[in-house]
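Q: Kindly generate the corresponding structure for this input.
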Amino acid sequence: MALMASNRLVRGVSSPAAGSRVAARPLLPNRRLVQAPKTVPAAAAIDVPIAQLPASERKQLAEEWGYKSIGSELPDGVSLTDIVKSMPADVFQLNMAKAWGAVVTTLVSVSASMYLISVSPWYLLPFAWFIAGTAFTGFFVIGHDCGHRSFSENKLLEDIVGTLAFMPLIYPFEPWRIKHNQHHAQTNKLVEDTAWHPVMPSEMEKWSPTQKTIYKTFLGSPLKLWASVGHWWIWHFDLAKYTEKQKPRVLVSLAACAVAAFVGLPILGYYTGLAGVAKYWLMPWLGYHFWMSTFTVVHHTAPHIPFKPAEEWNAAKAQLSGTVDCEYPRWVEFLCHDISVHVPHHVNSKIPWYNLRKANESLKQNWGEYMTSCTFNWRMMKTIFTELHVYDEKKNYVPFDQAQPEPFFEVQRKVIPNTP
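A: Just a heads-up that it's a prediction; the model follows:
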């Protein structure tokens, strides 16, 4: 079950799937009651998982939360292997021309965006930075395929290209590869998943007042779209998080980052000044983190997608039904090498980026009724910012201010657009 994303409270709506009348209770206190004969039920009041509801009710909830569709529950007998075998064999084939084509595309687009920054008047710099940050994301996607061994059949080449691609982002390749593979192996598994895990109530109890303010500010507002900066720092530079066997390769990646940070950036600063470092690197880097956070939070955070304990976790359901298929403007997808076409990547991470669309079409044809799809929109993001914060066993998520409304969240609920 998931929490309510709307400002409406339903009174006594019956759910055919539940077989009983839902409780008349708001998820968020003090919301205005809107009388409507056929309004969508509050998810917190639904007595069955969303995926088990009839198609008509799932369609209503999808519209309410900003999604095109919410899939039905994948049958227990379907395995991840069954889903993988349903895709065409050629989606797993590597094409070196296309792989290196992505490298060329990114180098050209980054170079062009640097020129754009250099000639833009101050009032157009935000636009130029946004373009540059999107182009920077291409570096990550190239390294991302290297990390999943879907760039080349030569692993040494993949390690070299992945390390070099991550250097402009000051992102250590090997630590990322290790932790990212854990995310793929444990997607939406409580405690184990390393990406966009809901806050655990037990953790909140330990927060100091200062920590509460920081976490609520960055995880309960549009600033969440830069939270990957924290993830980058916390997860990838601490040697204690890696085994003795892993450490030599980790140290190589950290050394590459040190070269980028303590040689590359000072050289940039020597020729352009401190302001130039901010202008040509920091702002595009923050733009990259905007896309990193946006893509991943949309893919893995939704009112109806649960995080499950190990004993209840199902790989097929987590990877197919627990990953959101979201469309973005085509130019964004082009510069980011289709990383947003994410469901097939979670079904099998060996699919190279240039085959993701074909793989996704196959999944839609064979398993589309079990998938969640959307186009990037404010209504969906508003739900993520203001409602999907803390883990709840029955509702999936509850907001930070579930017990008592807080002005910080109430203001956002009023001012953030609700456009689908």
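
Q: For the rest of this, base every contact and every neighbour count on C-alpha atoms.
A: OK.

Q: And the helices in the stretch 301-420 of the chain?
A: 315-316, 330-335, 343-347, 356-367, 378-386, 407-415 (DSSP state H, counting those that start in this stretch).

Q: Go through those helices and pick out the most buried.
A: Mean neighbour counts were compared across these using mean count of other CA atoms under 10 Å; the top stretch is helix 343-347, at a mean of 25.

Q: what does that helix rub up against?
A: With contact meaning CA atoms under 8 Å, 6 or more residues apart in numbering, helix 343-347 is reached by 80, 83-84, 184, 316, 319-320, 323-325, 351, 356, 359-360, 363.

Q: Just after the helix or strand bottoming out on mean pLDDT in the chain, pick out the following helix or strand.
A: The least trusted helix or strand in the chain, going by mean pLDDT, DSSP states H and E, turns out to be strand 20-21, with a mean of 32. Toward the C-terminus, strand 20-21 is succeeded by helix 55-65 as the next helix or strand (DSSP states H and E).

Q: just how off-centre is that following helix within its chain?
A: Counting by CA atoms, centre = their mean, to the nearest Å, helix 55-65 is centred 22 Å from the centre of its parent chain.

Q: I'd like to know which elements the helix or strand where Ile131 lies is packed against.
A: Element membership of Ile131 [criterion: DSSP H and E] is helix 125-147. Counting contacts by 3 or more CA pairs under 8 Å, 6 or more residues apart in numbering; DSSP states H and E, helix 125-147 packs against helix 96-119, helix 155-166, helix 173-185, helix 283-300, helix 330-335.

Q: Can you work out which other helices and strands pack against the second one?
A: Helix 155-166 sits against helix 125-147, helix 173-185, helix 247-259, with contacts defined as 3+ CA pairs under 8 Å, 6+ apart.

Q: switch the cut-off to 10 Å
A: The helices and strands touching helix 155-166, judged by 3 or more CA pairs under 10 Å, 6 or more residues apart in numbering; DSSP states H and E, are helix 96-119, helix 125-147, helix 173-185, helix 247-259.

Q: Using PDB, write out every CA atom in it.
A: Extracted in PDB, the C-alpha atoms of helix 155-166 (Å, rounded to 0.1, in the frame of the first residue of the first chain):
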ATOM      1  CA  LYS A 155      37.400  -5.700 -19.100                       C
ATOM      2  CA  LEU A 156      40.700  -3.800 -18.800                       C
ATOM      3  CA  LEU A 157      39.500  -1.400 -21.500                       C
ATOM      4  CA  GLU A 158      36.200  -1.000 -19.600                       C
ATOM      5  CA  ASP A 159      38.100  -0.200 -16.400                       C
ATOM      6  CA  ILE A 160      40.300   2.400 -18.200                       C
ATOM      7  CA  VAL A 161      37.400   4.000 -20.000                       C
ATOM      8  CA  GLY A 162      35.200   3.900 -17.000                       C
ATOM      9  CA  THR A 163      37.800   5.500 -14.800                       C
ATOM     10  CA  LEU A 164      38.600   8.200 -17.300                       C
ATOM     11  CA  ALA A 165      34.900   8.900 -17.900                       C
ATOM     12  CA  PHE A 166      34.300   9.400 -14.200                       C
END
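
Q: Pull out the buried positions in it.
A: Residues of helix 155-166 classed as buried: 158-159, 161-166 (neighbour count, 16 or more other CA atoms under 10 Å).

Q: Pull the most distant pair out of those residues.
A: Longest distance between any two of the buried residues of helix 155-166 is 11.9 Å, between Glu158 and Phe166; criterion CA to CA.

Q: Identify the contacts common to these two.
A: Counting by CA atoms under 10 Å, 6 or more residues apart in numbering, the residues touching both Glu158 and Phe166 are 142-144.

Q: Closest one to Arg58 out of the residues you listed, please.
A: Nearest member of the shared contacts of Glu158 and Phe166 to Arg58, counting by CA to CA, is His144, at 33.8 Å.

Q: ok, the closest residue to that closest one other than its chain neighbours - contacts?
A: Distances taken as CA to CA, 6 or more residues apart in numbering place Gly162 nearest to His144, at 7.2 Å, with adjacent residues excluded. Gly162 sits next to 139-147, 149, 151, 156, 172-174, 177, 253 when contact means CA under 10 Å, 6+ apart.
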